[in-house]
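Engineer: Need a 3D model of the sequence below.
(3 chains)
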Amino acid sequence: MSNAPTLVWFRTDLRLADNPALRRAAERGAPLVCLYILDEGGDRRPPGGASRWWLHQSLAALAQDLARHSVTLHLLRGDPARIVPDLARRCGAGLVVWNRRYGAAERALDGALKNDLKAGGVAAESFNSHLLREPWQVKGAATGQPYKVFTPYWKASLALGAFEAPLPAPGGLTGWAGDVGGLPLDALGLLPTRPDWAGGLRATWTPGEAGARARLAAFLDRDIRGYAERRDMPAESVTSRLSPHLAFGEIGPRQIVQALAFARSAGDTPASERDEAKFLSELGWREFAYHVLFSHPALAREPMNPRFAAFPWHEDAGALAAWQRGRTGYPLVDAGMRELWQTGTMHNRVRMVVASFLIKHLGIDWRAGEAWFWDTLVDADPASNPFSWQWVAGCGADAAPYYRIFNPMLQGLKFDSAGAYVRRFVPELAALPDEHIHAPWQAPAGVLARAGVRLGQTYPRPIVEHGAARDRAMADYWASAEAT
DNA sequence: TTTTGAGTTGTTCGA
DNA sequence: GTCGAACAACTCAAA
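Structural biologist: Reported below is the predicted structural model:
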């Protein structure tokens, strides 16, 4: 067997366990050249600010984990289409391995690269680390076409049988001794400097494979209790908070499914069967987003429904800025946007509310919101993010037959009835009584005064009136229908 | 091809 | 205040 080194190219799979590419490299036996490339070339979407912060931490963790095996993680920056073949040649690689990505530009690059390498006499192999099923594995029984509705998709995926078991972390790794000319982590410039806005992120998250494992354990041991009932309540901490770990591949969905099954068979999880099925179906939504991305490569740019191609969006920089900063005057919306800014995440229910507000109440193009989330979310995901924005906008894979407009006050009443979430992130309203916490402009003057709230000064008045905004959204919707 | 049943997440109105 | 039906009523997937 050849002792020519194996080049392991890490991308969104920053872990040792359940990593098929790394496993393949380990089994081959030759020394490893492990690398990560900060891709700043071509038409691939660069990571947003919050993702860059996370990436820095995650690379540091991966480098440390590899170092325990005496393997170096080499860091490079530039265009992988040039760097990978170049490096393969310089170190005389006998094999290049990676785990698949599913965005159009990434697929194009990986495909071209594979051809390049093979043309140069270097074998290249790719694997699935990221998904329970490859996007093309699930097809309509009658049509053979990709699905556009979640429920039949998920039923079909489950009907294909048990998901594959995760792979254990490989042992017996050896690093290649030659010089690659990598950069120190700090040289990638991933951390914010002036100002350092990452304090809230540091306080909220533990990036890295070990952090992901700990989060999963805490979720299954404790937080998952009552998941089916309480996952919609933003003040509760029942959600898994695994999404950034999944986005960077610090943990894989197969590991999560297996851990869930183990916890069930050992009887040491507080989850009911309903809780488990509900959580599993959330993983299913992630899968579905990738399934849809694969069949709609322009998901982040073009509405799936052509009816929306010429939608009369409103340009309103002031309203967009108010939304981004959490200054719309609608407490639940503002709480969500501030949670996002402070912590790099936002509760799922609130994501729907703030997205609906931007699109429907302010009439602003969903792509502006998608871009803001891409920049500020630590779990910004090339499939889930555009998929979900299209879902809320009504131009994506949603089976609802009507144009859905969330009422931010009603959503607050239903899912944050005691106002605990609003009070946490909009402290200037904290002293308001529950019955006014979601609509301070409707509170009597005396109540506002006693709570120390001066509308227009300590907290904004609503930037749009709900009823009028709703009417305008409906009018725009019907106008777009006539235009097509 | 045509038909039929069904679809994560809502809101509003009127009894 | 609560409940059920109507609402801007469509599109997908399977038979």
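Engineer: Domain ranges for chain A, per the record?
Structural biologist: Using automatic domain parsing, the domain parsing of chain A gives A:6-129, A:131-166+A:207-295, A:306-483.
Engineer: would a markdown table of these with distance to residue A:172 and mean neighbour count be doable?
Structural biologist: (C-beta placed from N, C-alpha, C; glycine too.) Shown next, in a markdown table, are the domains of chain A (distance: least, Cβ to Cβ, whole Å; neighbours: other Cβ atoms under 10 Å):
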| stretch | distance to residue A:172 | mean neighbour count |
| --- | --- | --- |
| domain A:6-129 | 7 | 19 |
| domain A:131-166+A:207-295 | 19 | 18 |
| domain A:306-483 | 33 | 19 |
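Engineer: Output those as CSV; include the columns mean pLDDT and distance to DNA strand C.
Structural biologist: Below are those laid out as CSV (pLDDT from 0 to 100; distance: least, Cβ to the nearest atom of the strand, whole Å):
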stretch, mean pLDDT, distance to DNA strand C
domain A:6-129, 97, 18
domain A:131-166+A:207-295, 94, 3
domain A:306-483, 93, 3
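Engineer: wait, which of these is closest to residue A:192?
Structural biologist: domain A:6-129 (6.6 Å; Cβ to Cβ).
Engineer: from the middle of its chain, how far away would the closest one be?
Structural biologist: 20 Å (Cα atoms, centre = their mean, to the nearest Å).
Engineer: what does the stretch 201-350 of chain A put close to DNA strand B?
Structural biologist: A:232, A:282, A:285, A:348, A:349 (Cβ under 7 Å from any atom of the strand).
Engineer: is it true that residue A:276 touches residue A:265?
Structural biologist: No. With contact defined as Cβ atoms under 8 Å, residue A:276 does not reach residue A:265; the gap is 11.7 Å.
Engineer: Common neighbours of the two, please.
Structural biologist: Taking Cβ atoms under 8 Å, 6 or more residues apart in numbering as the contact rule, residue A:276 and residue A:265 touch no residue in common.
Engineer: ok, residues contacting stretch A:421-434?
Structural biologist: Counting by Cβ under 8 Å, 6+ apart, A:233-235, A:326, A:331-332, A:334-336, A:338-339, A:342, A:347, A:350, A:412, A:416-419, A:437-438, A:440, A:443, A:447-448, A:450-453, A:458-459 sit against stretch A:421-434.
Engineer: Quick one: end-to-end distance for that stretch.
Structural biologist: Stretch A:421-434 has an end-to-end distance of 12 Å (criterion: Cα to Cα, to the nearest Å).
Engineer: Could you check how far it is from the centre of its chain?
Structural biologist: 28 Å.
Engineer: same deal with stretch A:446-454?
Structural biologist: On Cα atoms, centre = their mean, the centre of stretch A:446-454 falls 39 Å from the chain's centre.
Engineer: need the next SSE after the host helix or strand of residue A:21, C-terminal direction.
Structural biologist: Using DSSP states H and E, residue A:21 sits in helix A:20-28. Next helix or strand after helix A:20-28 toward the C-terminus (DSSP H and E): strand A:32-39.
Engineer: packing partners for that following strand?
Structural biologist: strand A:6-10, helix A:49-67, strand A:73-78, helix A:80-90 (3 or more Cβ pairs under 8 Å, 6 or more residues apart in numbering; DSSP states H and E).
Engineer: For that strand, C-alpha coordinates in CSV please.
Structural biologist: Output in CSV follows, covering the C-alpha atoms of strand A:32-39 (Å, rounded to 0.1, in the frame of the first residue of the first chain):
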residue,chain,number,x,y,z
LEU,A,32,-2.6,12.8,7.2
VAL,A,33,-2.5,16.3,5.9
CYS,A,34,-5.5,17.9,7.5
LEU,A,35,-6.5,21.3,6.3
TYR,A,36,-9.1,24.0,6.5
ILE,A,37,-9.3,26.7,3.8
LEU,A,38,-11.0,30.0,4.5
ASP,A,39,-12.6,30.3,1.1
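Engineer: Show which residues not belonging to that strand make contact with it.
Structural biologist: A:5-11, A:14, A:25-26, A:46, A:59, A:62, A:66, A:71-80, A:83-84, A:87, A:91, A:93, A:173-176, A:178, A:180, A:182, A:188, A:190.
Engineer: Likewise for stretch A:362-370?
Structural biologist: A:300-301, A:311-314, A:316, A:319-320, A:323, A:354-355, A:358-359, A:385-386, A:389-390, A:392-393, A:395, A:463-464, A:469, A:472-473, A:476.
Engineer: now with 7 Å?
Structural biologist: Contacts with stretch A:362-370, where a contact means Cβ atoms under 7 Å, 6 or more residues apart in numbering, come from A:300, A:313-314, A:316, A:319-320, A:323, A:355, A:358-359, A:385-386, A:389-390, A:393, A:464, A:472-473, A:476.
Engineer: and if you look at stretch A:344-352?
Structural biologist: So stretch A:344-352 is contacted by A:50, A:201, A:204, A:232, A:234, A:239, A:332, A:336, A:339-340, A:376-379, A:392, A:406, A:415 (Cβ under 7 Å, 6+ apart).
Engineer: Now do it: distance from first to last residue.
Structural biologist: Stretch A:344-352: ends 16 Å apart by Cα to Cα.
Engineer: now do stretch A:340-352
Structural biologist: 13 Å.
Engineer: Then stretch A:202-218?
Structural biologist: End-to-end distance for stretch A:202-218, by Cα to Cα: 19 Å.
Engineer: so how far is it off the chain centroid?
Structural biologist: Per Cα atoms, centre = their mean, the centroid offset for stretch A:202-218 relative to its chain is 15 Å.
Engineer: Contacts only, for residue A:145.
Structural biologist: Applying Cβ under 7 Å, 6+ apart, the residues near residue A:145 are residue A:139.
Engineer: Against residue A:153, how distant is it?
Structural biologist: 11 Å (Cβ to Cβ, to the nearest Å).
Engineer: Equivalent analysis for residue A:300, please.
Structural biologist: Where residue A:153 is concerned, residue A:300 sits at a distance of 20 Å (Cβ to Cβ).
Engineer: Not counting sequence-adjacent ones, nearest residue to the residue in the stretch 251-400 of chain A that DNA strand B sits nearest to?
Structural biologist: Going by Cβ to the nearest atom of the strand, DNA strand B is nearest to residue A:399 of the stretch 251-400 of chain A, at 3.5 Å. Distances taken as Cβ to Cβ, 6 or more residues apart in numbering place residue A:149 nearest to residue A:399, at 4.9 Å, with adjacent residues excluded.
Engineer: Double-check that neighbour against residue A:401; I have them as touching.
Structural biologist: No. With contact defined as Cβ atoms under 7 Å, residue A:149 does not reach residue A:401; the gap is 12.0 Å.
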